[in-house]
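**Q** After the sequence you'll find the predicted model.
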Amino acid sequence: MTETTVRTGYRVRGSALTGRNWLNTGGKQLQLEDLRGKIVVLDFWTFCCINCLHVLDELRPLEEQYSDVLVTVGVHSPKFEHEADPAALAAAVERYEIHHPVLDDPELTTWQAYTARAWPTLVVIDPEGYIVAHLSGEGHAAGLTSLVEELVTEHEAKGTLHRGDGPYVPTESAAGDLKFPGKLLALPASGTFLAGDTGHHRLVELEADLVTVRRTIGSGTKGFLDGSAAEAQFNEPQGVALLPAGLAAEVGYDVVVADSVNHRLRGVTLATGEVRTLAGNGIQRLLDAGNHTKTGRQENAFEVGAESVTPRLTETQLGTDALHVSLSSPWDVLYSSVLDRVVIAMAGTHQIFTYDPRTHSVEVLAGTGLEGLLDGDASAAWFAQSSGLAEDANGTIWIADSETSSVRLLSFIEVNGRNRIQVQTAVGTGLFDFGFRDGDADQARLQHPLGVTALPDGSIAIADTYNGAVRRYDPATRQVSTLLRGLSEPSDVLVDMTPVADGGDPLLIVVETNRHQLIRVPLPREALAVDEGASQTQRPTTPMSAKPVALTVRFSAPRGQKLDDRWGDPTQLKISSSPETLLVSGGGTSTGLTRELVLSPDAGDGVLHITARAASCDGEPGGDIPDHAACHLYQQDWGIPVTVTADGGTELTLDLRGLD
């Protein structure tokens, strides 16, 4: 999470809001001058980004509380090619219930004008049109509330604040019985299917025809409430997993639901439709550094090694009382026959968790919480918004790792008599690489996949969401092919084996999210071979010098907190580059938030990958930190495109949180 300078004496006017079109304005093309007299929050976002979705939810209470003086303007600056499609953007604005104007900025024109470097970025403009805050990342609700209150007082006294309605105009929905369905579960005992009806905030049980509604579970009102099928409330439920019959009888419920925006797991008893909460306290989990060691004693924030850094304050066991554990946007769930636990794709922290229905314990299975693509031992691996899970016949867990446009797998091996979990990448290369290309897995490309399932022949079907396709990966040959295309954001895929009993062939069922429907199609005997190329996220490059570049990441602990320096430097930088030859020196991981970088003039354009972390705890600057203080680990990842030129910059300054 990052923030930059706030309320400086140097007053800079906000730049023009320039883009392709406006949404949620009733067709009006807004100008910044139209918003004079209002406090304006520009929210630079892209709809693939889980952190951006978190910010949307953080802003809702602020927008409601200050509806007559505050106007949020979403500036959609896309990361992926598909996100530049105006129809896809309009669907996302409806899906996430965005009730403020949105500027479509496909060329990142306004993004550049406001020097945004990361998704999400927030810029606050006062009623006179001057920039008063520039922030990146999430977690700014409290600071923004204080700032808005200050601006209201100041500009009401000056007579420059104008109360009244903002420019938002709602649009109509084309959804039917389903609205932006997320994931799908087969219920073999009844021959029906249970869908996460995400946009209607409920579950829907459908007959075998995938259209007829047998019943709904959840009132359809967005919120959080346990109880009967008619009264329970969800908030954008996504993944659904069926427990084995014996385990279900033991624990008293059959289905586990990833209730994403409530940051909880819910349990459903199919016989009655009763809903209960299994895990999560409803508070979004951040990568916090507080009191997770078994002794209760906090250790130094980081253990620095030659090749990697492992946070020492994130124990794998988060707690045996699952209802008091914080989760973050659980997106999919799976019962693992190998682990005898529920596996959770924890999209919000880029990790894989487990939940034990018998002991009510929640643990980290894989991932450090750093965002990216890094294989190896599960405890050191990096993921990026994992969003889909499947288990094959061998017990291997397959993962749709959406932000790296990759398919990953967790395999269980024995090393020196000990069971180890290893992470491997089947398809995909990194955070900014995507495309639509079949062939050898090393060269194949996906675009933000959200779902995976195992096919009868041992291959893996992939809901390649932003390519509008279902792809196939064959582990035996490491070849990628295309089974279906022309879909509208497929988010899940599963195999229907019902026809096999009558001598027929398996079928595929695809959740076609943006058409609000489920479709059943034959599993193609012959796959397609598609090559529409490989791409990289295109963002404006920053000219940098081949001379030494001084990198500084500024951090100021939020009000009421102080740096946790009790056991050494609580800050850390990890720096690498793509291509690797771009960075001559200054890479690697070490404590501190300053570094001297030397870039190669011969490497051409590239991307600097920078991760900054800082640990702070409740307490006042200059004072002691109480024994049981709440502590927090702040982190921001940047991928900064650069080009090395003779007259490029010799300083690069970034900001890691600090709004007072």
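**A** Perfect, I can see it now. Residues are numbered from 1 along each chain as shown.

**Q** And the pLDDT for Y10?
**A** On pLDDT, Y10 comes in at 61.

**Q** And A142, by the same measure?
**A** pLDDT at A142 comes out at 80.

**Q** Where does it fall, secondary structure wise?
**A** Under the criterion of DSSP states H and E, A142 resides in helix 141-158.

**Q** Can you name every helix or strand that that helix contacts?
**A** Counting contacts by 3 or more C-beta pairs under 8 Å, 6 or more residues apart in numbering; DSSP states H and E, helix 141-158 packs against strand 39-45, helix 50-65, strand 121-125, strand 131-136. For glycine as for every other residue, the C-beta is placed from the backbone atoms N, C-alpha and C.

**Q** for the ones you listed, which one sits closest to V255?
**A** Taking C-beta to C-beta, helix 50-65 is the member of these nearest to V255, at 23.7 Å.

**Q** quick one, that closest one and helix 141-158 angle?
**A** 40 degrees (axes from the mean of the first three to the mean of the last three C-alpha atoms, to 10 degrees).

**Q** Distance from the chain centre to helix 50-65, please.
**A** 14 Å (C-alpha atoms, centre = their mean, to the nearest Å).

**Q** what are the ranges of the helices in the protein?
**A** 50-65, 86-95, 109-113, 141-158, 245-251 (DSSP state H).

**Q** got the ones you listed as CSV, with mean neighbour count columns?
**A** Shown next, in CSV, are those (neighbours: other C-beta atoms under 10 Å):
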stretch, mean neighbour count
helix 50-65, 19
helix 86-95, 19
helix 109-113, 19
helix 141-158, 15
helix 245-251, 13
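
**Q** so can I have CSV of these showing distance to T482?
**A** Formatted as CSV, the helices of the chain follow (distance: least, C-beta to C-beta, whole Å):
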stretch, distance to T482
helix 50-65, 27
helix 86-95, 20
helix 109-113, 32
helix 141-158, 43
helix 245-251, 37
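
**Q** Let's have the helices and strands packed on helix 141-158 in JSON lines, adding distance to H200 and mean pLDDT.
**A** What follows is those, written out as JSON lines (distance: least, C-beta to C-beta, whole Å; pLDDT from 0 to 100):
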{"stretch": "strand 39-45", "distance to H200": "23", "mean pLDDT": "97"}
{"stretch": "helix 50-65", "distance to H200": "18", "mean pLDDT": "94"}
{"stretch": "strand 121-125", "distance to H200": "29", "mean pLDDT": "94"}
{"stretch": "strand 131-136", "distance to H200": "33", "mean pLDDT": "86"}
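
**Q** could these be laid out in TSV, adding distance to G176?
**A** Shown next, in TSV, are these (distance: least, C-beta to C-beta, whole Å):
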stretch	distance to G176
strand 39-45	28
helix 50-65	24
strand 121-125	35
strand 131-136	39
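
**Q** wait, which of these is closest to T221?
**A** helix 50-65 (15.3 Å).

**Q** Need the CA coordinates for the closest one. CSV is fine.
**A** Extracted as CSV, the C-alpha positions of helix 50-65 are listed here (Å, rounded to 0.1, in the frame of the first residue of the first chain):
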residue,chain,number,x,y,z
ILE,A,50,-8.4,-7.6,-6.6
ASN,A,51,-6.8,-4.6,-4.8
CYS,A,52,-8.9,-2.3,-7.0
LEU,A,53,-12.1,-4.2,-6.0
HIS,A,54,-11.1,-3.9,-2.4
VAL,A,55,-10.9,-0.1,-2.8
LEU,A,56,-14.3,0.0,-4.4
ASP,A,57,-15.7,-1.5,-1.2
GLU,A,58,-13.6,0.8,1.0
LEU,A,59,-15.0,3.9,-0.8
ARG,A,60,-18.7,2.9,-0.6
PRO,A,61,-19.3,4.1,3.1
LEU,A,62,-17.4,7.3,2.3
GLU,A,63,-19.5,7.9,-0.8
GLU,A,64,-22.7,7.3,1.2
GLN,A,65,-21.7,9.4,4.2
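
**Q** helices or strands next to it in the packing?
**A** strand 39-45, strand 70-76, helix 141-158.

**Q** Can I get the longest one in PDB? Just the C-alpha atoms.
**A** In other words, helix 141-158. Listed next in PDB are the C-alpha coordinates belonging to helix 141-158 (Å, rounded to 0.1, in the frame of the first residue of the first chain):
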ATOM      1  CA  ALA A 141     -10.600   4.700   4.300                       C
ATOM      2  CA  ALA A 142      -9.800   6.200   7.700                       C
ATOM      3  CA  GLY A 143      -7.300   8.700   6.300                       C
ATOM      4  CA  LEU A 144      -9.700   9.700   3.500                       C
ATOM      5  CA  THR A 145     -12.500  10.300   6.000                       C
ATOM      6  CA  SER A 146     -10.300  12.600   8.000                       C
ATOM      7  CA  LEU A 147      -9.200  14.500   4.900                       C
ATOM      8  CA  VAL A 148     -12.700  14.900   3.500                       C
ATOM      9  CA  GLU A 149     -13.900  16.200   6.900                       C
ATOM     10  CA  GLU A 150     -11.100  18.700   6.800                       C
ATOM     11  CA  LEU A 151     -11.900  19.800   3.300                       C
ATOM     12  CA  VAL A 152     -15.600  20.200   4.000                       C
ATOM     13  CA  THR A 153     -14.800  22.500   7.000                       C
ATOM     14  CA  GLU A 154     -12.300  24.500   5.000                       C
ATOM     15  CA  HIS A 155     -14.300  25.000   1.900                       C
ATOM     16  CA  GLU A 156     -17.600  25.500   3.600                       C
ATOM     17  CA  ALA A 157     -16.000  28.400   5.400                       C
ATOM     18  CA  LYS A 158     -14.600  29.800   2.200                       C
END
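
**Q** how big is the angle separating it from strand 121-125?
**A** Going by the same axes, to 10 degrees, helix 141-158 makes 20 degrees with strand 121-125.

**Q** right, and the helices of the chain - which one's nearest I397?
**A** With C-beta to C-beta, the closest approach to I397 among the helices of the chain belongs to helix 245-251: 17.8 Å.

**Q** neighbours around A174, how many?
**A** Using other C-beta atoms under 10 Å, the number of residues around A174 comes to 11.

**Q** check contacts around the residue nearest to it when sequence neighbours are not counted.
**A** The shortest distance from A174 to any non-neighbouring residue, by C-beta to C-beta, 6 or more residues apart in numbering, is to H516 (7.4 Å). Counting by C-beta atoms under 8 Å, 6 or more residues apart in numbering, H516 makes contact with 174-176, 178-181, 199.

**Q** tell me the contacts of the residue lying closest to R214 once chain neighbours are set aside?
**A** Of all residues not flanking R214 in the chain, E205 sits nearest, at 4.5 Å (C-beta to C-beta, 6+ apart). E205 is in contact with 187, 192-195, 213-217, counting by C-beta under 8 Å, 6+ apart.

**Q** Y130 now?
**A** Contacts of Y130 (C-beta under 8 Å, 6+ apart): 11-14.

**Q** Can you say which of these are buried?
**A** Among the contacts of Y130, those buried by neighbour count (16 or more other C-beta atoms under 10 Å) are G14.

**Q** show me the contacts for P543.
**A** P543 touches 642-645, 647-649, counting by C-beta under 8 Å, 6+ apart.

**Q** hey, what's it bridged with?
**A** T643 (DSSP bridges).

**Q** So it versus L599, what's the distance?
**A** 11 Å (C-beta to C-beta, to the nearest Å).

**Q** any residues in contact with both of those two?
**A** With C-beta under 8 Å, 6+ apart as the test, P543 and L599 both reach 642, 644.

**Q** Quick check: which ranges of the stretch 201-350 of the chain have low pLDDT?
**A** Counting by pLDDT under 70, the stretch 201-350 of the chain contains low-confidence residues at 286-319.

**Q** Can you select the buried ones from the contacts of E205 in PyMOL?
**A** Restricted to buried positions by 16+ other C-beta under 10 Å, the PyMOL selection for the contacts of E205 reads:
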select buried, resi 187+192+193+194+195+216+217
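
**Q** Nothing else from me, thank you.
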